[in-house]
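Asker: have a look at this fold, sequence not included:
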C-alpha cells in the first residue's frame with residue numbers, strides 16, 4: 001500500500017511534535033541525562049608515604065551554556081576526590097566550572113596509611129530558565145551527576161629491601177688477580 005501525500009504530512013507533523021516535546025522537556029529539566037563514564041589512568045597499587053599520580057578524564061553529555069539570551073543557562077562543574085573505605089575524604093580538588101564538555105585533572109596525592117583508597121571524579125550540572133511571564137529566572141536545578149570516573153587503589157607497606165648477595169668466588173678471584181698483578185709489576189710487566 002502506497003502512502004498518500006497527506007499521510008506523509010501527518011507522519012512528519014507527529015515527528016515534529018515529538019521532537020518539540022523532547023526539546024521542551026529537556027529545557028525544563030524533565031528528562032534525566034544518562035551519566036557517562038570517564039577514565040582514571042594510574043597504578044592499582046602504591047606504597048604508603050609514596051606519591052601517587054593519576055590522570056582523570058571525563059566528558060559531559062550536557063554542554064555548558066552561558067548564553068542567557070535564549071532564556072536558559074546550564075553550568076557544569078568538575079572535581080576529583082580521594083576517599084578511604086569509610087568514605088572519609090582524604091583529598092578534594094578545587095571545583096572547576098567547565099567551559100566545554102571535556103574535563104581532565106592530574107592527581108598527585110601521597111597516602112599516609114595502608115588500606116584501600118578510591119579515586120573519584122564527578123561532573124555535575126545545574127540549569128536555570130527565564131520565566132517570561134514573571135520576568136524572573138527560576139532557581140537553579142539541584143546538581144545532577146552527568147559523568148563519573150573511579151578507581152580502587154591498594155596502599156601497601158613498603159617491603160624490606162632485598163638481602164644483599166655476596167659471591168665468595170668472585171671475591172677470591174679478585175684477590176688472586178690483585179696478587180698476580182702486584183707480582184707482574186715487580187718485574188716491570190703490565191697487569
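Answerer: On my side now, so go ahead. Treat the numbers as computed from the prediction; the structure is a model and nothing was measured. Residues are numbered from 1 along each chain as shown.

Asker: quick one, domains of this structure?
Answerer: Listed by automatic domain parsing, the domain ranges of the chain are 1-31, 33-159.

Asker: if you compare the ones you listed, which one is most tucked away?
Answerer: When these are scored by mean count of other CB atoms under 10 Å, the highest mean neighbour count falls to domain 33-159 (a mean of 15). (C-beta placed from N, C-alpha, C; glycine too.)

Asker: follow-up on the earlier one: any idea which of the domains of the chain has the lowest pLDDT on average?
Answerer: Among those, domain 1-31 carries the lowest mean pLDDT, a mean of 41.

Asker: how about the helices in this structure?
Answerer: 5-27, 168-186 (DSSP state H).

Asker: export the domains of the chain to TSV and append columns for distance to residue 170.
Answerer: Below are those laid out as TSV (distance: least, CB to CB, whole Å):
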stretch	distance to residue 170
domain 1-31	75
domain 33-159	27
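
Asker: residue 173 is nearest to which of the ones you listed?
Answerer: Checking those against residue 173 by CB to CB gives domain 33-159 as the closest, at 32.5 Å.

Asker: tell me the contacts of the most centrally placed residue in the chain?
Answerer: With distances taken as CA atoms, centre = their mean, residue 56 lies nearest the centre of the chain, 2.4 Å away. Residue 56 sits next to 38-41, 80, 103-107, 119, 121, 149 when contact means CB atoms under 8 Å, 6 or more residues apart in numbering.

Asker: for residue 159, state which of those is nearest.
Answerer: residue 119 (23.5 Å).
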